[in-house]
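Q: Take this sequence and fold it.
(2 chains)
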Protein chains: 2
Amino acid sequence: MVFMEGKGKSKSGGRKGKEESSLFDKVWTLANHRGFVFPSAEIYGGIAGIYDLGPLGAKLKNNLVQAWREFFVLRETNPPVYELDGSTILPYDALKASGHLDSFTDPTVSCLKCKKWMRADHLIEDSLGLYVEGLSPEELTKIIRENNLVCPDCGDGLSDVSVFNLMLGVQVGPAGGQTAFLRPETAQDIFLDFKRVQQSMRAKLPFGIAQIGRSYRNEISPRQGLIRVREFTQMEIEMFVHPRELGSHPSFGRVRDVRIRILTRGQQMKGEIEPVEMSAGESLEKGILPNAYMAYYLAKETLFYKSLGIPYDKFHFRHMMPEETPFYSGGNFDLEVELSIGRKEIVGNAYRTSYDLSNHMKKSGKDLSVDFDGEKVVPEVVEPSFGVERAIYCILEHCYREDDGRGWSWFQFPPKIAPLTALVVPLVRKEPLTDISFKTYENLKENGIDVEYDDRGSVGKRYARADEIGIPFCVTIDYDTPKANTVTIRDRDSRKQVVVNRDSLTETISKLVSGVIKFEDLL
Amino acid sequence: MVFMEGKGKSKSGGRKGKEESSLFDKVWTLANHRGFVFPSAEIYGGIAGIYDLGPLGAKLKNNLVQAWREFFVLRETNPPVYELDGSTILPYDALKASGHLDSFTDPTVSCLKCKKWMRADHLIEDSLGLYVEGLSPEELTKIIRENNLVCPDCGDGLSDVSVFNLMLGVQVGPAGGQTAFLRPETAQDIFLDFKRVQQSMRAKLPFGIAQIGRSYRNEISPRQGLIRVREFTQMEIEMFVHPRELGSHPSFGRVRDVRIRILTRGQQMKGEIEPVEMSAGESLEKGILPNAYMAYYLAKETLFYKSLGIPYDKFHFRHMMPEETPFYSGGNFDLEVELSIGRKEIVGNAYRTSYDLSNHMKKSGKDLSVDFDGEKVVPEVVEPSFGVERAIYCILEHCYREDDGRGWSWFQFPPKIAPLTALVVPLVRKEPLTDISFKTYENLKENGIDVEYDDRGSVGKRYARADEIGIPFCVTIDYDTPKANTVTIRDRDSRKQVVVNRDSLTETISKLVSGVIKFEDLL
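A: Numbers count the residues shown, from 1 in each chain, chains lettered A, B, ... in the order given. Model prediction:
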């Protein structure tokens, strides 16, 4: 992930102020209440911008991460992608060299009276509607003074603008110790270990290195739930390619015809907000994307997020403007999702060129080049960087349903990522129904289906509770079960029910989850 | 995981000094060389005790974690176990309340001349062979003075003993910020979130909450590779039980007859080092274990580690001595594995009673009791706490093989956790063999088999390389393949080969991995 954050010039992309939309509030409240996410260490007041994923959130995350790993790492054959699991603590020298110590900063002001700290750029944008990305602290101070901006909380005067480093420092070891930082992105471990991975796996260009793990940013003012947090999970890939080979990707044929939506720089200059649509192949032929690897990832990401329940017409790739992009970048494209609180970036795709490796070579004095047909090469890098918590919020909001007449809100999660696949319910809490129900629950669990058991309240209430947390299938054990060995499967989406044999239940549910059959096929 | 560390009184359990055994060196060197694990940020000199798992180590870890999650969380039906994914940063108040701020410490001394810091207890044990667990800084200083102990590096005098807190602090937020710490154990998130999880899942006692994630300890002197590190992964479960219900576990019947090995306190008092063996049922009936939940976990852990390739007679559960156990504990049992560098704890099993919840209730002022048939109850807790990196080292050492006449060392990983399941090799690098080989590789990958492709060097060399990283099966494409559509599977362990139809390859390998068939069955 690169330093700059994609807020963009597109008009609907601006952040909204304190008044979040009511959809955000509804989804967030439900997510809190039902154990998807809640503030960490809440009983002691917690820390702003630090959250825990509860049982349902953790399952959703595990399913999302595993789907990603399969699609972007394990099933990739050419180029292969290796996974790394590196430390979250990195030494001073590494982050000084990477540029994070000097450049991973936000401009801040504080109120002279109430001492509140805030981001200077956000204050100016919220107060004046001015876009100030890339301006210096002096320029921001000038704008604040000229417009007589004051503290939005107490109305008092503001300090000059200063820069604040977003890394969290730690001192490792006794007696003052060694200065280190919690990593601001997982990418740096990958660059630092590049040569080790290449050598130990005898890897030849092109190849990728992926990493899934925590990163940390000491945000001045965390907000909007999971959108701007201080501790978060990233899934990143650095794809290392010979500089002359970027024009073609060996598996591009698999994604050439995938339609993708792009908001070009030209459109943004004209204030347009509706992306253009084209195939991955066209985006490359027309020169809209800088290389085949970028096109490959934009296509893969489109397929991935569609499969997670985010509608195709609700996300696009925005070509970042020059002032939002590091000087060394060959082109950055953020995947932005339309939410009730504006357009939010959930994936950053960066063509990082050979900047990071060249830079670490220079600063560490170590040779990070690789052999390519007898030639020494410093590869170039295309990086898709995925934010997990942000994606979880997008999935929650885009899968949230109400007003379809059922009298309660619900989540229409795709079965493959739903936190729970099925709920087993006895029609009444009576033997032998409860005993058969519990055995059915045990049997499904032992066969790898993620399932819960619920015998409390009316069946209708239990269906409603299942809908509310997005369980795709309810399995009801009724008076026919002991006699005919049949159970009823209720479909969350259609609310239709079908009777199946209890012995084929695992197989039926597995097929429904994998999409081999659809519920309608059973009717 | 509790504060004290299990070094134990058992004679073979002591740490060895600087001279590690050559087996340790061989395994560690191979693990470094082949990309299982290497120092983090190595090109900048790194930080002692902080490592990255390379591609093979990360896969081994992913397989281990997933096997654990299935066995201890997902497949558990009664009691159910919920998974949490909490933050690694916790506020001061929470860790003050938990006791970590005051008690999560090690005694240290420093050299007055060279300023080297070391653990006072380790220095005394290494120099004098004295066991000093639980002694105060004053008592340790007295021993150092009376025995004229000096700096082992420069021979100069030593400071008085002081206590050093092992937590890594971070300041969160601008302008000094809020004092927080990197969590020293994942368990605290679970206690802090206990009520939220219970309420959102409508959970009834007994139930468990599990967590997999990073924890941090600012070790004075990290050593022995992955055994004593500063950043590590834990897999912990807190099982919450009504205090009156600890005597019986609803699924105990499933493990009653599992044989477990226990080193009792009585044996340790007598200096015995050979554990006694009994069934889980017997251990409970004889009163050797404090409750049925402890017996349940000791049995499950025995099954689990056996399945990961650690021989049954190479690990046991040691009943921790009173001075190694927190005052509130109802009995702690460490799973210790015999290694070339001594006996090492890889799981701590702690009967934490209701201490943590009661304590957090008192300090936070929040009611953490739950309703149990109309009664307000603060549950008691049994906690198995698994160290991932330590387990990885144990697996590496216990799966390491040499001297069986093949001329190279190799890893006999059980197929289900082996980093790679298969290697596809064309007999020679020639068409159509390479093309068929690559398609075979792609097909296996797409079917979820973790496989690599290798066409470099002689077939013998490739088999040797595959053995060296513990790949259970090599799939060779030879001149018969284009004609008869057959491939040869080579078994790592027996080095025997069998010809199978290429169309049934995925199925055959899947069955070999799951254990449905054995390689001998194919011969």
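
Q: Give me every residue in the stretch 401-523 of chain A that's in contact range of chain B.
A: A:438, A:441-442, A:445-446, A:448, A:450, A:452, A:456 (Cβ under 8 Å from any Cβ of the partner chain). Glycine gets a C-beta too; all of them are placed from N, C-alpha and C.

Q: For the stretch 1-150 of chain A, just list every one of the helices.
A: A:22-33, A:55-69, A:92-98, A:100-103, A:120-128, A:137-146 (DSSP state H, counting those that start in this stretch).

Q: Let me know which of those is the nearest to B:Thr88.
A: helix A:55-69 (14.3 Å; Cβ to Cβ).

Q: Closest residue of the stretch 101-250 of chain A to chain B?
A: Closest approach between the stretch 101-250 of chain A and chain B, counting by Cβ to the nearest Cβ: A:Ser200, at 2.8 Å.

Q: Now for that residue, how many residues are close by?
A: By other Cβ atoms under 10 Å in any protein chain shown, the residues close to A:Ser200 number 22.

Q: ok, the closest residue to it other than its chain neighbours - contacts?
A: Of all residues not flanking A:Ser200 in the chain, B:Gly35 sits nearest, at 2.8 Å (Cβ to Cβ, 6 or more residues apart in numbering or on different chains). The contact partners of B:Gly35, by Cβ atoms under 8 Å, 6 or more residues apart in numbering or on different chains, come to A:196-197, A:199-201, B:54-57.

Q: what do you get for A:Pro482?
A: If a contact means Cβ under 8 Å, 6+ apart, then A:Pro482 has A:432-433, A:436 as its contacts.

Q: Look at it and give its secondary structure.
A: With DSSP: H, G, I helix; E, B strand; the rest coil as the basis, A:Pro482 sits in helix.

Q: measure it to A:Thr440 for me?
A: 12 Å (Cβ to Cβ, to the nearest Å).

Q: cool, and A:Leu303?
A: With distances taken as Cβ to Cβ, A:Leu303 is found 35 Å from A:Thr440.

Q: rewinding a little: secondary structure for the residues of the stretch 401-523 of chain A next to chain B - can I get that in CSV?
A: Listed next are those as CSV, based on three-state DSSP:
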residue, secondary structure
A:Phe438, helix
A:Tyr441, helix
A:Glu442, helix
A:Lys445, helix
A:Glu446, helix
A:Gly448, coil
A:Asp450, coil
A:Glu452, strand
A:Arg456, coil
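
Q: List buried residues within these.
A: Among those, the ones that count as buried by 16 or more other Cβ atoms under 10 Å in any protein chain shown are A:438, A:441-442, A:445, A:450, A:452.

Q: ok, these vs B:Pro311, which is closest?
A: Using Cβ to Cβ, A:Lys445 is the member of these that lies nearest B:Pro311, at 30.0 Å.

Q: Can you report how many residues neighbour the closest residue to the closest one other than its chain neighbours?
A: Excluding the flanking residues, the one nearest A:Lys445 by Cβ to Cβ, 6+ apart is B:Thr77, at 5.2 Å. Per other Cβ under 10 Å, the neighbour tally for B:Thr77 reads 19.

Q: B:Thr77 contacts B:Ser251, correct?
A: Yes. Judged on Cβ atoms under 8 Å, B:Thr77 makes contact with B:Ser251 at a distance of 7.2 Å.

Q: just to revisit the earlier point, isn't the residue of the stretch 101-250 of chain A closest to chain B up against B:Leu53?
A: No. A:Ser200 is not in contact with B:Leu53 according to Cβ under 8 Å; the separation is 11.5 Å.

Q: tell me the domain ranges of chain A?
A: What automatic domain parsing lists as the domains of chain A is A:6-104+A:170-398, A:106-165, A:403-522.

Q: quick check: mean pLDDT across stretch A:420-428?
A: The pLDDT scores in stretch A:420-428 average 97.

Q: quick revisit: show me what contacts the residue of the stretch 101-250 of chain A closest to chain B?
A: B:33-35, B:54-56.

Q: Please check those residues and keep the buried ones.
A: Buried subset of the contacts of A:Ser200 (neighbour count, 16+ other Cβ under 10 Å): B:34-35, B:54-56.

Q: closest to B:Ser127 among the contacts of A:Pro482?
A: A:Ile436 (66.5 Å).

Q: what does the host helix or strand of that closest one contact?
A: Counting by DSSP states H and E, the element that carries A:Ile436 is helix A:433-446. Here helix A:433-446 makes contact (Cβ under 8 Å, 6+ apart) with A:422, A:424-427, A:451-453, A:455, A:475, A:477-479, A:481-482, A:487, A:502, A:505-506, A:509, B:74-78.
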